[in-house]
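**Q** let me see the structure of the following:
(2 chains)
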Amino acid sequence: MKIYIALTVASLKMYFRNKQALFWALFFPMLIMIIFGMMNFEKYNSPKVGIYDAANNDASQALIQALGGTSDEELLSISTGTLDELHRELEFGSSRAVIEIPANYGIPGEFSEIKFTYDERFQQERAVIATILEKVTDAVFKEAAQVPDEYRAENSIAISDSVITGQGQGFKAWLIPGVAAMAIMQTGLFTVVFTLVRFKSQGVLRRLKATPIGAAHFLAGQLTTKAIVVVLQTYVLIIVGAIALGVSVGGGRLGAWFDLSILALLGGTLFIAIGLAVSGWAKNEETAAPLANIITMPMMFLSGVFFPLSVMPDWLTRWSQYLPLTYLADGMRAITVEGASIMTLGSELIGLGIWIVISCSIAIKMFRWE
Amino acid sequence: MTTAIDPVIVAKDLRKKYGDITAVNGISFEVHRGEVFGMLGPNGAGKTTTIEILEGMRDADSGDAIINGINVKDDPTAVKAIIGVQLQQNAFFDNLKLSEIVDLYAKLYLTNVDPVEILSRVGLDKRKNGKFAELSGGQKQRLSIAVALVNNPVVLFLDEPTTGLDPQARRQLWELVRKIQAGGATIMLTTHYMEEAEELCDRIAVVENGEIIALDTPDALIDQLIATGFKPKKRVREATLDDVFLNLTGRDLRD
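**A** Numbering: from 1, shown residues only, chains lettered A, B, ... in the order given. Down below sits the predicted model:
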């Protein structure tokens, strides 16, 4: 009995001193519960619609505002841009319809024809958008003060349909680049953390300190190796994913692979630097692993890797859009499924750039040989 | 090898504190070219801290450490480039072959060596494709000496090179140290084993509480003690238990 109690007490002590075990036993399941609990798969997701406003007058702006709905009740999620851009978004499935407001819209006495282009594969969303468009145009035009009775909406506006068959490839295609981005994060962070912390606790780094090399040499070497690994891994994941799930990459554009390499390099650098910072801070694997998990786990769910950010509450996505993985996943998705090129990525590149600067400076500050 | 300036190692009033504990409390000595200089003392006496200050691994609170005319404080990188270092705990990358480890370290000093030749100097050429983790204690120590030799150092620092080794491996290491000395290097080592100090060192410094309490050749120190009228408790016999052990188990290395 004495032996039994002694062993039990000792092993309880050991268990509660092991931060890793506590993380997996408590923090991780709690995180999953909270995050999945916040997701709302039934909520009305306002369809994404591109609006091209050739009129650009008070009436057309009133129309666009009305189509967008109120902040309490969003009707359509509107993006603007050139007609080409909007049509490409529709083509690659990142929006569901394009609405063109003609130049003579809202001018009294003129008959204007609103062009409504949709992807025939998404009939349900087409129906929702068309209904909203009809009701709103009706209401807006009737309310506009200067409109005399004889020019009522039914006399002056027509909606003409036009159909395309887009290349948008649905959830499967949406999933692949996100998972590849997540893999960049995992490889970048964990391989660096585990190798470096092991080197540190074994004394490999201390032995290196006795040579004339500087920390920068060593860190640059680590960064380059892991960056190469990350790019190769991205190729393999996307190729295998594309073949297995039967989706095309970048609409078959060869340059998409080059763009993906650049993004993988940027993302790799970013997460490797975070890994270097973590391993600089941590004294051993026991402290490094929970910290690395606390950094990566929330991003896995909050950066729109497995589920679109639209299922998350708005207050959360307002913050999670700035997460490093969000920028990387969005960028890679834009290139693989939306047919964008790296030149057209703005906020993603800026976001990644800022995070790289932040994480590299922390990594250099935190680095210790022993 | 860079031409050695004499004295090769100069320690001038080195001091180092860790919090309230004084590890090194005003240590001064000089080591001449081609000497094997030993530092003896109990655990915590300040041997390792002193040697690590000389190696540029730790900063002294005050005092000067000068290696071959270069003050470690002013240019630690230049000092590291001309010394070879065996730390008390040595670890190397575990997924590289021994020959690759030697080659890598040579390149860190911007030189090229024949890894097999270096490994053969420490008797590890047959293990050139082995991994560090697979080596025995004695082999690990020998590998770390091999790595310390890649830059053909002016001074070789060995911190407790034979601690934890069996008598065979210890004797093999002594031979290695003598060979390196014959090659022209100056060697500074620390040890707990008096027999080792007597066997290898031209001069020894005995350290206690961060201070040198005796510094001379082993013979002179023994003579000084005898001159005080000292008598050993046990009559010295013709052979020691060490000799018995080696006679029973043979002098060959177990690897």
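**Q** now do the helices in the stretch 151-300 of chain A.
**A** A:153-156, A:170-186, A:192-202, A:204-209, A:215-245, A:255-281, A:285-302 (DSSP state H, counting those that start in this stretch).
**Q** equivalent analysis for the stretch 151-255 of chain B, please.
**A** Counting by DSSP H, counting those that start in this stretch, the helices of the stretch 151-255 of chain B are B:167-182, B:194-200, B:218-227, B:241-249.
**Q** and these: which comes nearest B:Ala23?
**A** Ranking the helices of the stretch 151-255 of chain B by proximity to B:Ala23 (CB to CB) places helix B:194-200 first, at 21.1 Å. In this view, the C-beta of every residue, glycine as well, is placed from N, C-alpha and C.
**Q** now the closest one: buried residues?
**A** Buried residues in helix B:194-200, counted by 16 or more other CB atoms under 10 Å in any protein chain shown: B:196-197, B:199-200.
**Q** also stretch A:69-85?
**A** A:69, A:75-76, A:78, A:85.
**Q** ends of stretch B:32-40, how far apart?
**A** With CA to CA, to the nearest Å as the measure, stretch B:32-40 spans 18 Å from end to end.
**Q** tell me the secondary structure at the spatially closest residue to A:Gly170 that is not a sequence neighbour.
**A** Spatial nearest neighbour of A:Gly170, excluding adjacent residues (CB to CB, 6 or more residues apart in numbering or on different chains): A:Gly93 at 7.3 Å. Judged by DSSP: H, G, I helix; E, B strand; the rest coil, the three-state class of A:Gly93 is coil.
**Q** check whether A:Gly93 really touches A:Val337, as I assumed.
**A** Yes - assessed by CB atoms under 8 Å, A:Gly93 is found in contact with A:Val337 at 6.8 Å.
**Q** those two: which is more packed in?
**A** Using other CB atoms under 10 Å in any protein chain shown as the criterion, A:Gly93 and A:Val337 rank with A:Val337 on top: 27 against 21.
**Q** pLDDT at the nearest residue to that one once chain neighbours are set aside, what is it?
**A** Nearest non-adjacent residue to A:Val337, counting by CB to CB, 6+ apart: A:Ala173, 4.6 Å away. Looking at A:Ala173, its pLDDT reads 79.
**Q** just checking, A:Ala173 touches A:Val247?
**A** Yes - applying CB under 8 Å, one finds A:Ala173 in contact with A:Val247, separated by 4.0 Å.
**Q** does B:Thr22 count as helix, strand or coil?
**A** strand.
**Q** how about the one 5 residues further on?
**A** Three-state call for B:Ile27 (three-state DSSP): strand.
**Q** what residues does the stretch 151-300 of chain A have near chain B?
**A** By CB under 8 Å from any CB of the partner chain, the residues of the stretch 151-300 of chain A that approach chain B are A:199, A:202-204, A:206-214.
**Q** picking that back up, in JSON lines, list the helices of the stretch 151-300 of chain A along with mean neighbour count and distance to A:Glu125.
**A** Supplementary listing: those in JSON lines, determined by neighbours: other CB atoms under 10 Å in any protein chain shown; distance: least, CB to CB, whole Å:
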{"stretch": "helix A:153-156", "mean neighbour count": "15", "distance to A:Glu125": "24"}
{"stretch": "helix A:170-186", "mean neighbour count": "21", "distance to A:Glu125": "13"}
{"stretch": "helix A:192-202", "mean neighbour count": "21", "distance to A:Glu125": "43"}
{"stretch": "helix A:204-209", "mean neighbour count": "21", "distance to A:Glu125": "56"}
{"stretch": "helix A:215-245", "mean neighbour count": "16", "distance to A:Glu125": "22"}
{"stretch": "helix A:255-281", "mean neighbour count": "23", "distance to A:Glu125": "26"}
{"stretch": "helix A:285-302", "mean neighbour count": "19", "distance to A:Glu125": "26"}
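**Q** which among the helices of the stretch 151-255 of chain B is found nearest to chain A?
**A** With CB to the nearest CB as the criterion, chain A lies closest to helix B:167-182 of the helices of the stretch 151-255 of chain B, at 17.3 Å.
**Q** residues of the closest one that come out buried?
**A** Buried, per 16+ other CB under 10 Å, within helix B:167-182: B:168-174, B:176-177, B:180-181.
**Q** which residues touch A:Lys226?
**A** Applying CB atoms under 8 Å, 6 or more residues apart in numbering or on different chains, we find A:Lys226 in contact with A:187-188, A:191-192, A:268, A:272, A:275.
**Q** now it: how far from chain B?
**A** Distance, A:Lys226 to chain B, by CB to the nearest CB, to the nearest Å: 15 Å.
**Q** with adjacent residues omitted, what lies nearest to that residue?
**A** A:Ile272 (4.8 Å).
**Q** quick one: the strands in chain B?
**A** B:9-18, B:21-31, B:36-40, B:62-67, B:70-71, B:83-86, B:155-159, B:186-191, B:203-208, B:211-216 (DSSP state E).
**Q** how about CSV for the ones you listed, with mean pLDDT and mean neighbour count added?
**A** Below are the strands of chain B laid out as CSV (pLDDT from 0 to 100; neighbours: other CB atoms under 10 Å in any protein chain shown):
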stretch, mean pLDDT, mean neighbour count
strand B:9-18, 94, 18
strand B:21-31, 94, 19
strand B:36-40, 94, 24
strand B:62-67, 95, 20
strand B:70-71, 94, 17
strand B:83-86, 94, 26
strand B:155-159, 94, 25
strand B:186-191, 94, 25
strand B:203-208, 93, 21
strand B:211-216, 92, 16
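**Q** distance to chain A for these - can I get that in JSON lines?
**A** As requested, the strands of chain B are exported to JSON lines (distance: least, CB to the nearest CB, whole Å):
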{"stretch": "strand B:9-18", "distance to chain A": "14"}
{"stretch": "strand B:21-31", "distance to chain A": "16"}
{"stretch": "strand B:36-40", "distance to chain A": "18"}
{"stretch": "strand B:62-67", "distance to chain A": "13"}
{"stretch": "strand B:70-71", "distance to chain A": "12"}
{"stretch": "strand B:83-86", "distance to chain A": "4"}
{"stretch": "strand B:155-159", "distance to chain A": "9"}
{"stretch": "strand B:186-191", "distance to chain A": "14"}
{"stretch": "strand B:203-208", "distance to chain A": "21"}
{"stretch": "strand B:211-216", "distance to chain A": "24"}
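**Q** of those strands, which approaches A:Met182 most closely?
**A** That would be strand B:83-86 among those, by CB to CB, at 42.2 Å.
**Q** which residues does the residue nearest to A:Gly214 when sequence neighbours are not counted contact?
**A** Nearest in space to A:Gly214, with sequence neighbours left out and distances taken as CB to CB, 6+ apart, is B:Thr77 at 7.7 Å. Counting by CB under 8 Å, 6+ apart, B:Thr77 makes contact with A:212, A:214, B:56.
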